[in-house]
Structure formats: C-alpha cells, structure tokens
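K.L.:
Quick one, fold the following:
(chains A, B and C)
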Amino acid sequence: MTAFSQHDGDGRLRHLTTLDGLPRDQLREILDRAQTFVRSPGEIPARSRVLEGVTVANMFTEPSTRTRASFELAARRLGADSLNLDISLSSRVKGETVLDTIYTLQAMCVDVFVIRDAEPGVCQYVAEHVQSHVSVVSAGEAHLSHPTQGLLDALTILQFKGGFRDLVVAIVGDIRHSRVARSSFRALSTLEVGEIRIVAPEGLMPDADEFKGAVRHTHFEDGIAHADVVMMLRIQKERLTGTSIPDDRSYFDQWGLTRARLKLARPEVIVMHPGPMNRGVEIANDVADGPAAVIRAQVTNGVAVRMAVLETLIENRLKRGVAR
Amino acid sequence: MTAFSQHDGDGRLRHLTTLDGLPRDQLREILDRAQTFVRSPGEIPARSRVLEGVTVANMFTEPSTRTRASFELAARRLGADSLNLDISLSSRVKGETVLDTIYTLQAMCVDVFVIRDAEPGVCQYVAEHVQSHVSVVSAGEAHLSHPTQGLLDALTILQFKGGFRDLVVAIVGDIRHSRVARSSFRALSTLEVGEIRIVAPEGLMPDADEFKGAVRHTHFEDGIAHADVVMMLRIQKERLTGTSIPDDRSYFDQWGLTRARLKLARPEVIVMHPGPMNRGVEIANDVADGPAAVIRAQVTNGVAVRMAVLETLIENRLKRGVAR
Amino acid sequence: MTAFSQHDGDGRLRHLTTLDGLPRDQLREILDRAQTFVRSPGEIPARSRVLEGVTVANMFTEPSTRTRASFELAARRLGADSLNLDISLSSRVKGETVLDTIYTLQAMCVDVFVIRDAEPGVCQYVAEHVQSHVSVVSAGEAHLSHPTQGLLDALTILQFKGGFRDLVVAIVGDIRHSRVARSSFRALSTLEVGEIRIVAPEGLMPDADEFKGAVRHTHFEDGIAHADVVMMLRIQKERLTGTSIPDDRSYFDQWGLTRARLKLARPEVIVMHPGPMNRGVEIANDVADGPAAVIRAQVTNGVAVRMAVLETLIENRLKRGVAR
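P.N.:
Down below sits the predicted model:
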C-alpha cells in the first residue's frame, strides 16, 4: 500500500486536501494565478467559461454559509455547474456507504468534490477512491486542515507585503483547535517566512510535535512585538473539551487585540482574521475596522484562490490525458 | 448625521427599501420597464444577459419560498448569478456582526442584497453601510414595507384598469399588521389613485397617523361599495399580539369576500390578493377562481417588477460612474 | 369526466407521471434519445442550450438528494433554469391550496414540475390542473410509481444485453412496497422482456392483482436461477406497517445476494440496484463491487433518461403549437 498523494504520477496537483507536502513552486503558481482573478468589489468579477461542462459538488457537513458561497461563486465565475448537496459523509466513513454516495455522484459526472467535514480523514478517504479524472478539494477538515484558507492568507500577505522572507508573522489565539492556523502555518513555512510565531495561552497551545519551526509565545505582548503580520483566531468553542477558558471579557482583557497592543507591532503591521470575528473577544472593534485590518481583502482573495485551485486541478487533468 | 436616502447624490434610485419618498415618475418608470418584461405563462420568459457578472444574494430570514423564487428567477432571467444564503441578520442587528456578514459577502463581489426580515430597520441599516456600488432591495420587512409587492400591485391595476386617477381601490382585512397594505397604499397614493379605502374590523385598523388620506371603513359592505379594485389581505396571525380575532368561520361570515358581497362593487371590479390565500377565511373559492380575480397576473407581474428593479439599480450604478 | 391521460390530444407525451399506458414505441424513443446523452464519467457531459428559457421546478417532499441532483443536472445540462423549492404538497392535497401553490409557480413561468411525494395521486392531481403548456414529471410517488427509474433500468439492460425479448429478469426483495419494482416491471413488460420474475418473501410479495404476467417466487435461489438480470431492492422500512421483517443479519442470510447465490444465475448476469444500497442486508459487498454489477451505469443513465424526458416534453409542447 502506497501512501496517499495529492499529486498524480507526473507530480501535478490532482487533489487539494492539505498544504502539507505542497511544493513551494506549486503553491506560488496557485497564488500567481489567483492574483489574476482578484477584482475589487465594484469591479466586474473575473469570469470565464473555462470550466464549462465541469460539475462541482459542494458537500458541507459543517455549516458554513460563507465558505460555501465562496466556493460556489468561484465555480460559477469559471462557468462550472455548482451543486450544493446536503449529504453528510462523516457519520458513514466507518461503513462503506460514504463511497456509494461518492460513486453515485461521480456516475452523474461530478468532477470535483468540495468537502467540509468535522471528521478527520474524510477528504483523503474520498480522494483515494474516486476515479482518475475526479478531484477532491478540502473546504475545512476537523481541526486539521483548511488549505484554501492557508492559500488566501498567503496571497493577502503577498499583496500587502510584497514577499515573505523578511517577515515576522504572529498567529494568535486558539492555535490548538484551529485548522486555519495549521494551514496558514504550513503555507507560510513553505513560502519561507522569516519568523512565524504562535502565540496562545498555555491551554490553547498545540502539542510540541506540531508547528515545527515556529517560535512559541504564551505572552501576548511579547508575541506580537515587532510583528509585520498579526493573524487573530477565534476560540473554537465547539472543539474545546475539558479545557477551561476564561469568559469573553477576561479573554479580551488578556488576549484581545486592542489598538494599544497593536502599537507593539511594526508601524506598517497588517491585521488578519479568517472570520467570523468575535468582536470584543479576540479583537477590538477599532482594530477590526481600523486601517491595519485587511480582513475584507482576505475574503476577496478567498474567491480568487478557489478559482485558481479549481482551474489548476482541471487543467492538470487535461495534461494527464484524462478525457476532457 | 444625514437622514437615510434610497437615492444617490443625483437623485437616482440606489436602493429599494421602501416606497416612501419614491417620486411618481420613478415609480412609473419602474412600472413601464416591468411591463416590457411581462410574458404570459407559456411564452418564453423575457431574458437577457444585461446583468451578467452581477451577483444577487437572497437573504430571507422569514420563510418565503414564493417571493424568493420570484427574485431568484428575476435575477437569473437577466443573466445575474443568484445566491440563496441561509444567513439570519435580524438577531444580530444589535451587535455589529450583521455588518461583518454583509461586508464579507460584499468582499465576494455581491452587488445586490435582497433581504427579507422580521425585524424593522434591517434593510435600511444594511443599505446605510454597504459600499457605494452595492444596492439593497427589501423583500419584505416586518409589518412595515414590501416595496416590490406594492409595485406589482400597481402594475396589475395599470394593466387591468389603464390608469389610476379615477379609481376606487379598497384594501380589505388585516391592514394593521400588513406590510403589503402599507406598500400598496404608498404606491397607489403616489400614483394618485382617486380614492383609497382601508377596510378592516376595528382591531385590525392601523393607528390614526398611518395611511394618511385613506378613507376608513369598519363595515365591509360599505367599504367595497362601487370599488373598482378590491384587494384582500390575509390575517397575519403570526403578528397578532393580544388582539382577539374571531375564528376562521366567523371571520369568513363577516369579512370573507363572497360573490354576493362582490356584487356591491363595480361590475368590472378586479379582485387582488398577495397570496398565499386562506380560502374560506378572507376569500371564497368562487371569487378566488372567478373571472374578477387577477391574482395570478399579480404573480407574473412580481417577476417582471423584480427584474425592472434589479435592472434599474444596476443601470443607475453605471450612471453614477461606479466601476462596472 | 374523462380519465386522466399523460398524452395530449395528438397522442404525444405531455406528462410523465407513470409508465402505465406508455406505448412501446414512445418508451423506446425516450431510451434512444437518452442513449445519445450518455457519457462516461470523465467525458464532458452532453450539453446543449435546447431548453434555454425553460424553467424546471424541483419539488421534493420526500428527501432524496440523489434523485434531485440527477434532475437538477439533467435540466441544467440542457440549458434550463432549475429551481429547488422546499414546498410540501402532499399535506395540502385535500384542500385546494396545493393548486394555489402550483398556480403561483406557473404564473412565474415554471414550465415543468418535477415532483416527489409520499402521497398517492399528487402528480396526477397537479397534472390535471396545470395549463396546457406545463408538464409534470414524477420523481417518485408513494410506493406506486417512479417512472424515470423504470426508464433508466430499461436503458441499462438495453446497453448491457442489447435487447429485451430473450431475457429472464428477476426483481428481488421488498416488491410490495417498491415504486421502483412497479415502474421497472411496467417498463420491462412493455418492452416485452421474455420472463419477468418477482422474487420476495411472502410478506413482501405484492397483492395478486398486481404485476400481471410476472412469475412469482418466494424462494430466492429458484427466483434467480438462470436469470440474465438480477435487480435487487432494499427494504422500504419506512413503508412497512405491521409486517414483521427479520433483522438485517437474518435477512441477509436468507435474501442477501452473495457471490455463491449469484452463480445460480447465467454466467453473464448483470446485477442492478436502484440505490441507496444496504450492503450486508440485501447485497454482499463483493457482489455490489463485483464485475456483474452495473449499478453506477444505472446512475449515469438516470441523468441521460431525465434529459431525454425533459427534452421530449418540451419538444412535444412545441409540436402541439403551444407558445414556445
């Protein structure tokens, strides 16, 4: 049994279930392609017919109207048919029937499965079993991985900072339960960001064998000192088990990003947040709405990145000589 | 702080959250444009690509499959992308997060928000905060306003009566709790209908400072005598608080529109109803299905009016030189 | 009062609510047309713009993501607008309001209603009342009828067996409660399959006046002996009332299709299943995934058959000179 690979035999990307093992040049190619799709709100969105005839099935078993809308718009703006399916996969992974569901949709000529699921391993499990012309894209998997979020974070930093190597990036908050932190960290590591810090209270810090190479801070102020990028995370209350967390007010007092604290960072710091924000918990209103925040640009980049991923996967399919 | 205006600096319509303050000529322009979109069932619906690249987000927090389908078809038949979002706004208006939701969607290049909400003020609140290229259209707001319904009612009357000035229009039923009544009254007042009557039992009559200029009747038969148009409303049971209402049977006896009662109106009277009808409560079957009923034409006109509104708003955006 | 007919005055198909009374040549025409739409997964799906301007409303009151997705893709791949409506019909059939719902959608220029409902008679009831340009397609009605499933089963047999007359087809399982069995039996009878067997435990056998001409077997092994086609059904647990059914394990022991049992059939037997399968109940894993299984082809054919039905109905509408 060979290990799972997101790549086809020629090393081209076939699935996107994780950013682990995605080479730097492929990651950059996706960012460069995504950049061509970026339009400001108010401009006509980038549109093409390049995915006409392609069917993208969105299977979200954790509620996420925003991310689903982002994928739906990405697919449609490339001319694909986008199908929203209320089919749960995770509860069935143990049996075989998740595959019957997937095979059924595959037989209807679904070309790309976009899957969000709370159960680890579902995306890879599906990817291992679909036919050679079919691709799987993770839209968020348990606390483990959210690869398009990692890509959009990287694209946003690239836009505002022009590069990666000389930067200090601080990821702050509930790192332990955050798939965003894991995927953003992976993207930024691959892109060779100068210094990546993970900044969290002790109980929300990940295990020691994760986030290799990151500098750990349990003191907020130290963690963001002289940072070029501060990426705030919300507490994943739904994933906390047995961890005692202070109430919102106390959390804000200790871990909320305020204007005063932000002054510890570099003057031209940018503030990121994957959304949805808990204002008054991990971030103060005047920071969320302030000049350093690039949170809306992240959302715009999300659609662009998802367009780039979908187009890349279908292009690669053509290159490997699969029909179409 | 300036008062909210639906109009841009040049007086062109930018949002449609209410018919209050909509000038007569703008209202007529929408009706005239809508008329060009009217097709009979069985004909090919009017279609164009004029809104290609425009994204319309339908955010319905009160269930309404019909009105949502009408807006969805209107958007699609003009070539727009139509997105149905299960995002509730009203419970969050107090905090800031409704804006985060809107800003997120705006950052995905949503151009028009179509909002139905039970909470007064949501549409205007959103309209006050979106970027200059974004428009908000109310699809029904609390008991206050349902502007596209008012427009479709006016269009239906125009089609069947050829004008407004010489007409007697009777709006009958639960006026107090009806956003339809308010918006239809506003449209017909602006269009200078000769006489508008509001006809309701005492407990369902609106406060004295509303419906200025309408003639009030608490006696059904008097209220519809010699009317050219009788517009029946259903009781908004979900909005009744503390009002004692007779049961369905008693209501029908006193306030149901029967053929016998309809004879009190003009011979060429038309009967309207915004739907869904409660047959045997506010309207008898043989009236609902009889020759005077124009209820299905109202539905057809609903799609046409919504197409006209969407096209108008995007056209006006072009005129104000906003990108696109 | 004349009996309901799916056909228009010239004998052309106008609705598809049942396969009863559908002549052999019309059934074959649909299969032949469907065959032109069949593509393997990985090929570009057959697409056209022939239904551009046509609006198809999917009204599924029993959950069925698969069949709804199949109809949605069929409509979209022909260029139609496909609308998913969460409107329940069956609970309202007694009153008149089901018709108000239908008339409302008809007034929005819905051209085809695709209806799945647990209540017998809903499809026909709607079909009897819509305007002459509107068509109704059943997507499954109570235990009675699932016409597009019957068609896709016939198409699958035609593809793998090249014809019908010399075949022995065994339909196995909960025949009594199965709309699939009824529609497949009807299709195969009309297509003059040599021998059709219904194979079921006593309690799941239909009444004697149904399945006329079928050979009845209450012994599984006898029932599939020398069969060319074995069509397995799942137990419709939701439709069982008072029937005592053995547990899954016992059912599998007696009625599960295993490789050993399958050897009783012809060597080139094909195994069909309408899905979703209960592996380990009515079918063993190695049969479901084995070389005889054509279950995924059935799904692919489902989209093709639905495309053929939609195109046929709209073409016939043109032929009868209804507008469009």
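K.L.:
CA atoms for contacts and neighbours, from now on please.
P.N.:
Fine.
K.L.:
Let me see the ranges of the helices in chain A.
P.N.:
Here chain A has its helices, by DSSP state H, at A:24-37, A:65-77, A:97-107, A:122-129, A:147-161, A:179-190, A:220-224, A:248-255, A:259-262, A:285-288, A:295-319.
K.L.:
Low-confidence regions, the stretch 201-324 of chain A specifically.
P.N.:
Low-confidence regions of the stretch 201-324 of chain A, defined by pLDDT under 70, span residues A:237-245, A:323-324.
K.L.:
how does it look with 50?
P.N.:
Along the stretch 201-324 of chain A, the parts satisfying pLDDT under 50 run over A:324.
K.L.:
Likewise for the stretch 1-150 of chain A?
P.N.:
Counting by pLDDT under 50, the stretch 1-150 of chain A shows low-confidence ranges at A:1, A:93-96.
K.L.:
Residues of it that sit close to chain B?
P.N.:
A:40, A:41, A:42, A:43, A:44, A:45, A:47, A:65, A:66, A:69, A:70 (Cα under 8 Å from any Cα of the partner chain).
K.L.:
Could you report the neighbour count for the third one?
P.N.:
A total of 20 residues lie near residue A:42 under the criterion other Cα atoms under 10 Å in any protein chain shown.
K.L.:
quick one: contacts for the most centrally placed residue in chain A?
P.N.:
Residue closest to the mean C-alpha point of chain A, counted by Cα atoms, centre = their mean, is residue A:149 at 1.8 Å. With contact set as Cα atoms under 8 Å, 6 or more residues apart in numbering or on different chains, residue A:149 has these partners: A:180, A:183, A:184, A:274, A:302.
K.L.:
Pull up the gap between it and residue A:307, please.
P.N.:
Remark: distance between residue A:149 and residue A:307 (Cα to Cα, to the nearest Å) = 13 Å.
K.L.:
Contact partners for residue A:157?
P.N.:
A:163, A:164, A:229.
K.L.:
residues making contact with stretch A:9-17?
P.N.:
The contact list for stretch A:9-17, computed with Cα under 8 Å, 6+ apart, reads A:6-8, A:123-124, A:127, A:135-138, A:145-147, A:309, A:312-313, A:316-317, A:320.
K.L.:
Render the CA-only coordinates of that stretch in CSV, please.
P.N.:
Taking Å, rounded to 0.1, in the frame of the first residue of the first chain, the C-alpha atoms of stretch A:9-17 are listed here in CSV:
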residue,chain,number,x,y,z
GLY,A,9,2.1,10.3,-11.4
ASP,A,10,3.7,13.3,-13.1
GLY,A,11,3.8,15.3,-9.9
ARG,A,12,0.9,17.6,-10.9
LEU,A,13,-1.6,18.6,-8.3
ARG,A,14,-4.7,16.4,-8.5
HIS,A,15,-6.4,17.0,-5.2
LEU,A,16,-6.1,19.7,-2.6
THR,A,17,-6.8,18.1,0.8
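K.L.:
If you count neighbours, what's buried in that stretch?
P.N.:
A:12, A:13, A:14, A:15, A:16, A:17 (16 or more other Cα atoms under 10 Å in any protein chain shown).
K.L.:
Bridged to the second one, which residues?
P.N.:
Beta-bridge pairing of residue A:13 under DSSP bridges involves residue A:7.
K.L.:
measure the residue nearest to the centre of chain A to chain B for me?
P.N.:
14 Å (Cα to the nearest Cα, to the nearest Å).
K.L.:
list the contacts for the residue nearest to residue A:259 when sequence neighbours are not counted?
P.N.:
Among residues not flanking residue A:259 along the chain, residue A:287 sits closest, at 6.0 Å (Cα to Cα, 6 or more residues apart in numbering or on different chains). Residues near residue A:287 by Cα under 8 Å, 6+ apart: A:257, A:258, A:259, A:271, A:293.
K.L.:
got the residues of chain A near chain C?
P.N.:
Proximity of chain A to chain C, by Cα under 8 Å from any Cα, involves residues A:53-54, A:83, A:85-87, A:97, A:100-101, A:103-111, A:133-134, A:322-324.
K.L.:
can you do 7 Å?
P.N.:
Proximity of chain A to chain C, by Cα under 7 Å from any Cα of the partner chain, involves residues A:53, A:85, A:86, A:104, A:106, A:107, A:108, A:109, A:133, A:323, A:324.
K.L.:
Among those residues, which lie within strands?
P.N.:
Using DSSP state E, the members of these that fall in strands are residue A:85.
K.L.:
And the residues of chain A next to chain C, which two are furthest apart?
P.N.:
Distance extremes for the residues of chain A next to chain C: the farthest pair is A:86 and A:323 at 28.7 Å, using Cα to Cα.
K.L.:
Run a quick neighbour tally on residue A:158.
P.N.:
15.
K.L.:
right, I mislabeled it, should have said residue A:216
P.N.:
Per other Cα under 10 Å, the neighbour tally for residue A:216 reads 18.
K.L.:
For the residue lying closest to it once chain neighbours are set aside, give its distance to chain C.
P.N.:
Leaving aside its sequence neighbours, residue A:216 sits nearest to residue A:198 (Cα to Cα, 6+ apart; 5.1 Å). Look at residue A:198 and chain C: by Cα to the nearest Cα, they are 42 Å apart.
K.L.:
surely residue A:198 meets residue A:169?
P.N.:
No: applying Cα atoms under 7 Å, one finds residue A:198 not in contact with residue A:169, separated by 8.6 Å.
K.L.:
Find the nearest non-adjacent residue to residue A:18, please.
P.N.:
Per Cα to Cα, 6+ apart, closest to residue A:18 is residue A:147, 5.3 Å.
K.L.:
okay, now that neighbour: neighbour count?
P.N.:
Under the neighbour criterion other Cα under 10 Å, residue A:147 is assigned a count of 26.
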